[in-house]
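[1] sequence and predicted structure below; questions after.
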There are 2 protein chains.
Amino acid sequence: MFYLIGLGLGSEEDITVRGLNAVKSCSKIFLEAYTSVLGVNKEALEAYYGKTITLADREFVESGCDGMLDAAKEEDVALLVVGDALCATTHTDLFLRAREMNIRVEVIHNASIMNAVAVCGLQLYRFGQTVSLPLFEENWKPASFYDKIQQNYAADLHTLCLLDIKMKEPNIKILETRGKIVYDPPRFMSVKQAIEQLLYIEEEVKKAGVLSRTETRCVGVARLGQPDQRIVSGTLEELLEVDMGEPLHSLVLVASTHPLEDDMLKFYAAKKE
Amino acid sequence: MFYLIGLGLGSEEDITVRGLNAVKSCSKIFLEAYTSVLGVNKEALEAYYGKTITLADREFVESGCDGMLDAAKEEDVALLVVGDALCATTHTDLFLRAREMNIRVEVIHNASIMNAVAVCGLQLYRFGQTVSLPLFEENWKPASFYDKIQQNYAADLHTLCLLDIKMKEPNIKILETRGKIVYDPPRFMSVKQAIEQLLYIEEEVKKAGVLSRTETRCVGVARLGQPDQRIVSGTLEELLEVDMGEPLHSLVLVASTHPLEDDMLKFYAAKKE
């Protein structure tokens, strides 16, 4: 049996009871560790489950996880995923490959940013498509998200922006000069960086008037589902001044709002009236 | 303390460990029982928690839940919600009212249809706004969802359709003729009814060519997250012929697809090639 188990967003106790029972029945446990991060580390999970966990980084998952699926033919194997079990494309792929190998698959769902973002007070059915904002590099500043945000605003819908995570990226300079793979430390895009990038694309590249420094309303969300979660609403300019603290951060761009949504945004306002 | 706790989608074991610990610490427990239903009933939850649960029906919640919030000033009180804790507007309202009464609020998230629908193989970031399909009455066939579906298709995005639930509706005829409130049995819209209503609006009312009986692809989802969950993909016409079984049902209207999405849709196809 191959279990795909969502861990939720916060601590080791955000797994479901069914998920925990499944983990305890497994002889091999893998933790997907590059598309998101939990509020606790692998060691805390190992102590909580009383089991050893193997980190499944990008190389492991993208190279096919063959060992993992082979093992699942004979024994119970779990892949733990931060958030919900099927948020990333890779995991759908694993699901299909396991089924093609005649391995039984059980998916155990959990909260993810895609539904838990409702805690900011904006109604989920008023969100359009979700966009991913990549960390800009010196010579790489893609702007494909901008058109999607524009489409959402045209339909008067909020936009959830998922902010880039670089968990284990080879350092290109060292690779080029010394031919050696050395990994950079993890990087997480902050709400502040996200807003700077959005304004750069608006003001320097597209200039289509989709976003405005002083008029566009947004909500910054940090460490969603963790005890020190922080939610702050305001204009893009106001949120540039807010230190949201440790990762992970997300950003919501706000379309027109209902009165109850307004009340929640006021509750979270950076600048109290 | 006032806890808003998501129960997830399937059984009593789909609560998170943190949620279960919170429930066990509470002296009063309410179960929201009209915007969705779990795969198990109140009695199963009571047996699992070893606690008595009060049903919070629409009247209770919409009349303000004053007793519940008053109790939360002095003791630990939980409102259990099927799916995630903040999927419905009403619960955001409760959150704000509790905070205005200086009651501490803790939200414990869980899976909901809004993220778990990814199990059908369509990528969550390729969904546009979610629409709600109401059960048509003889003289009431609203079509506001149609424009939203059209907007989603225009942006080449999938549409999740949430299907109507009538949990405790007064029978209008009895009310009018005998002045007495008698509740109708619960009604749940099926995938088949949803498709019939969509095609009625397309073919008889709007005629804008957004949906096609033989060309529009869709995915029917029944009892998501429960052991007997069923997922079937096909054209609207093909899914009209499929009996998806017991409630709850949901329907996804499919925009253009990536190869991996296609593979999953083939896996779930009503009509195998």
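    Yep, it's here.
[2] run through the residues of the stretch 151-273 of chain A sitting next to chain B.
    By Cβ under 8 Å from any Cβ of the partner chain, the residues of the stretch 151-273 of chain A that approach chain B are A:151, A:155, A:157, A:162, A:225, A:260, A:263-264, A:267. (Each C-beta comes from the backbone N, C-alpha and C, glycine too.)
[3] at 10 Å what do you get?
    Counting by Cβ under 10 Å from any Cβ of the partner chain, the residues of the stretch 151-273 of chain A close to chain B are A:151-152, A:154-158, A:160, A:162, A:224-225, A:227, A:229, A:258, A:260-261, A:263-264, A:266-267.
[4] ok, what's across the strand from the spatially closest residue to residue A:110 that is not a sequence neighbour?
    Leaving out its chain neighbours, the residue that sits closest to residue A:110 by Cβ to Cβ, 6 or more residues apart in numbering or on different chains is residue A:6, at 3.0 Å. Under DSSP bridges, the beta-bridge partners of residue A:6 are residue A:81.
[5] what ranges do the strands span in chain A?
    Listed in chain order, the strands of chain A (DSSP state E) span A:2-6, A:28-32, A:54-56, A:77-81, A:105-108, A:131-133, A:159-163, A:165-166, A:187-188, A:217-222, A:230-235, A:249-254.
[6] residue A:187 against residue A:135, yeah?
    Yes: contact criterion Cβ atoms under 10 Å: residue A:187 and residue A:135 qualify, at 6.4 Å.
[7] quick one: residues contacting the closest residue to residue A:18 other than its chain neighbours.
    Take residue A:18 and drop its neighbours on the chain: the residue closest to it by Cβ to Cβ, 6+ apart is residue B:13, 4.0 Å away. Neighbouring residues of residue B:13 by Cβ atoms under 10 Å, 6 or more residues apart in numbering or on different chains: A:16-22, A:108, B:20, B:40, B:48.
[8] out of those residues, grab the one that's most surrounded.
    residue A:16 (30 neighbours; other Cβ atoms under 10 Å in any protein chain shown).
[9] specify the beta-bridge partners of that one.
    Bridge pairing for residue A:16 - DSSP bridges - gives residue B:16.
[10] dump the residue contacts of it.
    A:5-8, A:22, A:108-111, B:7-8, B:10-11, B:13-20, B:110-111.
[11] could you redo the last one with a cut-off of 7 Å?
    A:108, A:110, B:8, B:13-16 (Cβ atoms under 7 Å, 6 or more residues apart in numbering or on different chains).
[12] ok, of the residues you listed, which one's closest to residue B:236?
    residue B:8 (29.7 Å; Cβ to Cβ).
[13] what's the closest non-adjacent residue to the closest one?
    residue B:14 (3.2 Å).
[14] then residue A:21?
    Nearest one to residue A:21, counting by Cβ to Cβ, 6+ apart, is residue B:13 at 7.0 Å.
[15] confidence score at the one you found?
    Looking at residue B:13, its pLDDT is 97.
[16] the closest residue in space to residue A:86 that isn't next to it in sequence: neighbouring residues, count only.
    Closest residue to residue A:86 apart from its sequence neighbours, by Cβ to Cβ, 6+ apart: residue B:118 at 4.1 Å. Under the neighbour criterion other Cβ under 10 Å, residue B:118 is assigned a count of 26.
[17] roughly how far does residue B:118 sit from residue A:81?
    11 Å (Cβ to Cβ, to the nearest Å).
[18] the residue most central in space within chain A: what's it in contact with?
    Residue closest to the average C-alpha location in chain A (Cα atoms, centre = their mean): residue A:36, at 5.0 Å. Residue A:36 sits next to A:82-83, A:165, A:248 when contact means Cβ under 7 Å, 6+ apart.
[19] so which of these wins on neighbours?
    residue A:83 (29 neighbours).
[20] list the contacts of that residue.
    Counted by Cβ under 7 Å, 6+ apart, residue A:83 has contacts A:6, A:9, A:36, A:110, A:112-113.
[21] next, give phi and psi for the nearest residue to it once chain neighbours are set aside.
    Spatial nearest neighbour of residue A:83, chain neighbours left out: residue A:112 (3.4 Å); criterion: Cβ to Cβ, 6+ apart. Per-residue torsions, residue A:112: phi -140, psi 170 (degrees, to the nearest 10).
[22] verify the stated contact: residue A:112 with residue B:114.
    No: using Cβ atoms under 7 Å, residue A:112 is not in contact with residue B:114, being 9.2 Å away.
[23] which regions of the stretch 1-150 of chain A sit below the pLDDT cut-off?
    A:64 (pLDDT under 70).
[24] now do 90
    For the stretch 1-150 of chain A, applying pLDDT under 90 flags the ranges A:32-40, A:55-67, A:87-93, A:138.
[25] the residue nearest to residue A:86 contacts residue B:127, correct?
    No: at 9.1 Å, residue B:118 and residue B:127 do not qualify as touching, with contact defined as Cβ under 7 Å.
[26] which two among the contacts of residue A:36 are spaced furthest apart?
    A:83 and A:165 (12.1 Å).
[27] tell me how far the closest residue to residue A:200 other than its chain neighbours lies from residue A:206.
    Nearest residue to residue A:200, sequence neighbours excluded (Cβ to Cβ, 6+ apart): residue A:141, at 7.2 Å. Relative to residue A:206, residue A:141 is positioned 11 Å away (Cβ to Cβ).
[28] could you do residue A:126 as well?
    Taking Cβ to Cβ, one finds residue A:126 at 24 Å from residue A:206.
[29] more neighbours: these two, which one.
    Set residue A:126 next to residue A:206 and count neighbours by other Cβ under 10 Å: residue A:126 wins out with 19 against 15.
[30] wait, what's in contact with the more buried one?
    Counted by Cβ under 7 Å, 6+ apart, residue A:126 has contacts A:157-158, B:129.
[31] for the stretch 51-200 of chain A, which segments count as helices?
    A:58-62, A:66-74, A:89-100, A:113-116, A:144-154, A:172-178, A:191-200 (DSSP state H, counting those that start in this stretch).
[32] deepest in the core, which of those is it.
    helix A:113-116 (a mean of 27; mean count of other Cβ atoms under 10 Å in any protein chain shown).
[33] packing partners for it?
    Helix A:113-116 is packed against helix B:113-116, with contacts defined by 3 or more Cβ pairs under 7 Å, 6 or more residues apart in numbering or on different chains; DSSP states H and E.
[34] could I have the helix it packs on exported to CSV, CA atoms only?
    Output in CSV follows, covering the C-alpha atoms of helix B:113-116 (Å, rounded to 0.1, in the frame of the first residue of the first chain):
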residue,chain,number,x,y,z
ILE,B,113,-13.8,20.1,-1.2
MET,B,114,-12.0,23.3,-2.2
ASN,B,115,-8.6,21.6,-2.1
ALA,B,116,-9.3,17.9,-1.9
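[35] mind giving me the domain split of chain A?
    As assigned by automatic domain parsing, chain A contains the domains A:2-111, A:114-267.
[36] including distance to residue B:27, could these go into a markdown table?
    Output for these, formatted as a markdown table (distance: least, Cβ to Cβ, whole Å):
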| stretch | distance to residue B:27 |
| --- | --- |
| domain A:2-111 | 21 |
| domain A:114-267 | 23 |
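[37] winner for burial among the ones you listed?
    Ranked by mean neighbour count, those are led by domain A:2-111 with a mean of 20 (mean count of other Cβ under 10 Å).
[38] contact residues of the stretch 1-150 of chain A facing chain B?
    Residues of the stretch 1-150 of chain A lying close to chain B by Cβ under 7 Å from any Cβ of the partner chain are A:6, A:8-9, A:13-18, A:20, A:84, A:86-87, A:89, A:92-93, A:96, A:99, A:107, A:109-112, A:114-116, A:118-119, A:121, A:123-130.
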